[in-house]
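S.K.: sequence first, then the predicted structure, then my questions.
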Amino acid sequence: MTEQTHEIRLNVNGVEHEAAVPARRLLSDALRHDLGLTGTHVGCEHGVCGACTVLVDGQPMRSCLMFAVSAAGHEITTVEGLARPDGELGPVQQAFRECHGLQCGFCTPGFLTTITAGIAENPDPTEDEARDMVAGNLCRCTGYQNIVKAVCRAAELARADEDGAA
Amino acid sequence: MTTKMMGAKVQRVEDDRLVRGTGRYVDDVAPDALHAAVLRSPHAHARIVSIDVDAVLDVEGVHAVWTHEDLEGAMADPLPLLIPHPTLTHGRTQYALAKDEVNYVGEAIAFVVADDRYVAEDALAQIVVEYDLLPAVVGIEAARSGAQLVHDDVPGNVAARMEQSNGDAAAAIAAAPHTLSLDLHIERSACMPMEGRGTVARWDPDQNRLQVWTSTQTSTGVRAAVAAKLGLDLGQVDVITPDVGGGFGVKIVHPWPEELLVPLAAQRLGRAVKFTEDRREHFISSAHERAQVHHVEVGFDDEGRVLGLDVRFWHDHGAYTPYGLIVPIITSTQLLGPYKPGAYHVQFDSLYTNTVIVTPYRGAGRPQGCFVMERTMDAIAAELGKDRADVRALNFIQPDEFPYDQGLIFQDGRELTYDSGDYPAMLDKIKELVDWDHFEDFRAAKAAEGKRVGLGLACYVEGTGVGPYEGAHVHIETSGKVKVATGLTSQGQGHQTAFAQIVADELGVRFEDVEITTGDTRRMPYAVGTFASRAAVMSGSAIHLAAKRAKEKALRIAADALEADIEDLEIVDGVVSVKGTDSSIPLGTVAVLSNPLRYAFDEASKAATQFNVGDPTKPPVAEDDEPGLEGKDFYSPPRSTFASGMHAVIVETDVDTAEIRILKYAVVHDCGHLINPMIVEGQIHGGVAQGVGGALYERMAYDESGQLLNASFMDFLMPYVTEVPTSIEIDHLETPSPLNPLGIKGAGEAGVIPGSAAFAAAIEDAERLPITAMPISPSELFALRAAHAPHAQESK
Ligand code: FES
Ligand code: FES
């Protein structure tokens, strides 16, 4: 028996991709294995750890809880799309480096995308708000203190960008 | 002058790729690979009557399906027992695919390779296995009773009984003015790295070689195991460990069944094959740790000095013993911590149960040992009405007593001799950090608000940097760039950064010019692995020694070229110069000079052709020399080095709900000289989070039939940001180790070891009722309160 596939177009990081996927294919698997964007990681495949978080039309979504077919037609941003156009690290990436916000780096892409959306909504978070922002993501390595610092630092860098642009 | 890198908070070089999403974890390589899936036992204990795989072949996209019957030679034998300790009289290991019997839920039974994981899982669903169910042995009580056996031929479920002593503890306790006995329990938990296990293999028929990528803590161990099981020469197998998404111990076990089945499939099918574990599989088929039950007898004098200590404990090692007795041996020895009891006797039984195997989890037996010893110290203080810190101080090994021989044999088969430390100084620091002396004021102030708070302290000593050895190879390129390889792996500890700091200092090159490769057997085939807080000590030292050799050679050649004495030379920013003169030569050029060449394929090699360089009356390469600017060396310590630390925590226990909140967490830590304080503090943060998890949340909830009821992140609770201390006060003490050239000790596990002990003490202090089992949930605390309430009434 051959599994039926669906031709879909996925807009990821501003680039249109075509893929033929079975209806049951998870977005996380489509990104990683069909599109080769392996920056998105899978830590639990049941929606709890947040490692697979990507932005769908700017909103953080667990890509392990979404089918690839249902992502068609939406704008998806993965960790690979967070760098600045000139290739320099984006503010959240830069902040994670500076603050030692990662160790093994496996959970990191999910934090980066989550925080990107978080500071877009709240550009000047307090430490408590920073903590809230990452409260749905698991990290087994860092103990989170440096991640919270990185959220505040990322917001600061992003605000500096805004000021520079304004 | 090049700035000194050792001790500096250098930002990590590995982060750039990891934050861009261009890191390479095992599942990221070989996108063309076929995918494997494993049929796992749904029963904790059963005989396999029959397995019918016929229907699988009808599933389109399936390339292979194997059961035990399809394995041959060494692959059909049980998996290796990696550390066969002599007291492990009844060691047992599983088969790569179960033969006749299964002993835990999750044991591998059949292996399917298909176009993708979805199809492979479809295929698994077509396999029909008929089982004959057997009674399951779950938990230490059931194992200890021996009423049902896990393995028919292991009486009493006892795999090992081990005993050690220093002095006559029984006599000392009998003669002591005061005695106490305690029963102390710790439950099962697990490493739970965010990346599960994973293996990819590719067989190259043209070269007759196997290439394996695996998410391991020991590439050389996997290489040896794969070669042995597949009947290949070591030289035919390369193992590469790319980025690893956390290990914490579970990835030191080797080989996992999949680490053998995937390479075998790659060889048989002639295609790259990949296995990526899912989270439920990780829960039920990798490894757990921690479950132990302890009984303590202690005798002490009026001051609280321990005269005799006798500990008997029972260790639940699960269904098999591939990793030997490392965990209980560590508990039995490291339990002593910074103290020197008058006499000590310890005995443990390592017991089979029908549950997932037990192998080291960060801290490896030490959290249990620390819990036992620190609970004992608190009990002594309570009995005598003394300050808990004072009782500890009285029992400390003193700074002038190092090296201190505890009179026991450690996990590495060497004497348990502490190399250095200063426990009284450390106690002063932790008391200051947590404001120990004013805690009663704080308690009173909180009590006035109707709140209940408690303070806990726990001290530990950690044997780190166990042997036998690590090695390193340093190669200075003609570009001046330095390529360094060491065989142990990296799973997030920032080795590329810390090791480059060591090389930059020793060679006098720019940090940016150093590139470190870890865990690639093609680059360094001799290595042990990254566990037991050994990487910095072992590979750090080996890298330092190898860089020293490369430097010696560089200076020798440069001295010749510059017509100067070696003693007059210095290397700064990659340039060798005669001190106080303009006379200099870049290291890259020295590399050119080190290698007489025949062919000029670029500018550097043009300068190195033998027609331009050297004395024409002598051979181009002297008899006792080698071409190239390289250094290779190994470091092998006489025994472990002993890091130490103390943690203090202040908790508030909610008067109504019994919820436990962390108000303050403080750590003092001694890992000798720090290579990179930023990385060490990161290790402490992560360790403390795991300690919080172990103390308050993490447990493996098995039912009596051996089903793991909480095999998901929804049900097995690991700390999120909301569960960890918002900040951790950290202070370092540096007592350099005399055992290695850098004076360092390991730091990887420190953060987690005293967690349960410190929290138990703090909760006990808040609640004024004995805490003897961890982890403790709010509902358990609530129940404890209720259980003790009648006594509270009586004593009023
Ligand atoms: S992998 Fe999607 S939430 Fe864990
Ligand atoms: S950095 Fe390893 S899981 Fe977060």
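M.R.: That came through, no problem. Ligands and ions are numbered 1, 2, ... in the order given.

S.K.: contact partners for residue B:230?
M.R.: Residues near residue B:230 by Cβ atoms under 8 Å, 6 or more residues apart in numbering or on different chains: B:74-75, B:210, B:237, B:260, B:263-264, B:267. Backbone N, C-alpha and C define where each C-beta goes, glycine included.

S.K.: and what of residue A:8?
M.R.: Neighbours of residue A:8 in contact, by Cβ under 8 Å, 6+ apart: A:18-21, A:68-69, A:71-72.

S.K.: please repeat the previous calculation with a cut-off of 7 Å.
M.R.: By Cβ atoms under 7 Å, 6 or more residues apart in numbering or on different chains, the contact set of residue A:8 is A:19, A:21, A:68-69, A:72.

S.K.: out of those residues, who has the most neighbours?
M.R.: Counting neighbours by other Cβ atoms under 10 Å in any protein chain shown, residue A:68 comes out on top of the contacts of residue A:8 with 24 neighbours.

S.K.: hang on, isn't residue B:640 packed against residue B:410?
M.R.: Yes - look at residue B:640 against residue B:410 with Cβ atoms under 7 Å: they come within range, at 6.2 Å.

S.K.: what's the overlap in contacts for these two?
M.R.: Common neighbours of residue B:640 and residue B:410 (Cβ under 7 Å, 6+ apart) are residue B:463.

S.K.: which one of these two has more residues nearby?
M.R.: It is residue B:640, of residue B:640 and residue B:410, that has more neighbours when counted by other Cβ under 10 Å, with 29 against 20.

S.K.: what's the pLDDT at the more buried one?
M.R.: Note for residue B:640: predicted pLDDT of 89.

S.K.: please name the nearest non-neighbouring residue to it.
M.R.: Leaving aside its chain neighbours, residue B:640 sits nearest to residue B:463 (4.0 Å; criterion: Cβ to Cβ, 6 or more residues apart in numbering or on different chains).

S.K.: tell me where the model's unsure across the chain.
M.R.: Unless you meant another one, I'm taking chain A. Counting by pLDDT under 70, chain A shows low-confidence ranges at A:1, A:165-166.

S.K.: wrong one, chain B
M.R.: Those would be B:1-3, B:610-614, B:790-796, if you go by pLDDT under 70 across chain B.

S.K.: which residues in chain A form helices?
M.R.: A:27-29, A:68-71, A:91-98, A:108-121, A:127-133, A:145-165 (DSSP state H).

S.K.: residue closest to the middle of chain A?
M.R.: residue A:113 (2.8 Å; Cα atoms, centre = their mean).

S.K.: nearest spatial neighbour of it, skipping sequence neighbours?
M.R.: residue A:53 (4.9 Å).

S.K.: CA-only coordinates of stretch B:130-143 in PDB, if you can.
M.R.: Extracted in PDB, the C-alpha atoms of stretch B:130-143 (Å, rounded to 0.1, in the frame of the first residue of the first chain):
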ATOM      1  CA  GLU B 130       3.200 -14.300  22.000                       C
ATOM      2  CA  TYR B 131       4.300 -14.000  25.700                       C
ATOM      3  CA  ASP B 132       4.200 -16.200  28.700                       C
ATOM      4  CA  LEU B 133       3.900 -13.700  31.500                       C
ATOM      5  CA  LEU B 134       6.100 -14.000  34.600                       C
ATOM      6  CA  PRO B 135       5.800 -12.200  37.900                       C
ATOM      7  CA  ALA B 136       7.500  -8.900  38.000                       C
ATOM      8  CA  VAL B 137       9.900  -7.800  40.700                       C
ATOM      9  CA  VAL B 138       9.500  -4.100  41.200                       C
ATOM     10  CA  GLY B 139      11.300  -2.000  43.800                       C
ATOM     11  CA  ILE B 140      13.900  -2.700  46.400                       C
ATOM     12  CA  GLU B 141      11.500  -4.300  48.900                       C
ATOM     13  CA  ALA B 142      10.300  -6.900  46.400                       C
ATOM     14  CA  ALA B 143      13.800  -7.600  45.200                       C
END
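
S.K.: for that stretch, which outside residues touch it?
M.R.: B:43-50, B:148, B:150, B:157, B:291, B:293, B:314, B:316, B:351-355, B:702, B:704-706.

S.K.: can you tell me how far residue B:355 is from residue B:177?
M.R.: Computed as Cβ to Cβ, to the nearest Å, the residue B:355 to residue B:177 distance reads 43 Å.

S.K.: neighbour count winner among the two?
M.R.: The residue with more neighbours, out of residue B:355 and residue B:177, is residue B:355; 30 against 10, by other Cβ under 10 Å.

S.K.: quick check: the more buried one touching residue B:320?
M.R.: No - under the criterion of Cβ under 7 Å, residue B:355 is not in contact with residue B:320, lying 10.5 Å apart.

S.K.: follow-up on the earlier one: arrange the contacts of residue A:8 in JSON lines, one row each, with distance to ligand 1 as further columns.
M.R.: JSON lines is the format used below for the contacts of residue A:8 (distance: Cβ to the nearest ligand atom, whole Å):
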{"residue": "A:19", "distance to ligand 1": "19"}
{"residue": "A:21", "distance to ligand 1": "18"}
{"residue": "A:68", "distance to ligand 1": "14"}
{"residue": "A:69", "distance to ligand 1": "17"}
{"residue": "A:72", "distance to ligand 1": "19"}
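
S.K.: nearest to ligand 2 among those residues?
M.R.: Among those, residue A:68 lies closest to ligand 2 (Cβ to the nearest ligand atom), at 25.2 Å.

S.K.: tell me how many other residues crowd the closest residue to that closest one other than its chain neighbours.
M.R.: Nearest residue to residue A:68, sequence neighbours excluded (Cβ to Cβ, 6+ apart): residue A:30, at 3.6 Å. Under the neighbour criterion other Cβ under 10 Å, residue A:30 is assigned a count of 27.

S.K.: is residue A:30 in contact with residue A:21, as I believe?
M.R.: Yes - using Cβ under 7 Å, residue A:30 is in contact with residue A:21, at 5.6 Å.

S.K.: mutual contacts of the two, please.
M.R.: Joint contacts of residue A:30 and residue A:21 (Cβ under 7 Å, 6+ apart) are residue A:68.

S.K.: which residues sit in contact with residue A:99?
M.R.: So residue A:99 contacts A:146, A:149-150, A:153 (Cβ under 7 Å, 6+ apart).

S.K.: for the residue of the stretch 451-600 of chain B found nearest ligand 2, helix, strand, or coil?
M.R.: The stretch 451-600 of chain B approaches ligand 2 most closely through residue B:492 (5.1 Å), counting by Cβ to the nearest ligand atom. Following DSSP: H, G, I helix; E, B strand; the rest coil, residue B:492 is assigned to coil.

S.K.: that one contacts residue B:248, correct?
M.R.: No - in this structure, residue B:492 is not within contact of residue B:248 by Cβ under 7 Å, at 9.5 Å.

S.K.: mutual contacts of the two, please.
M.R.: With Cβ under 7 Å, 6+ apart, residue B:492 and residue B:248 have no common neighbours.
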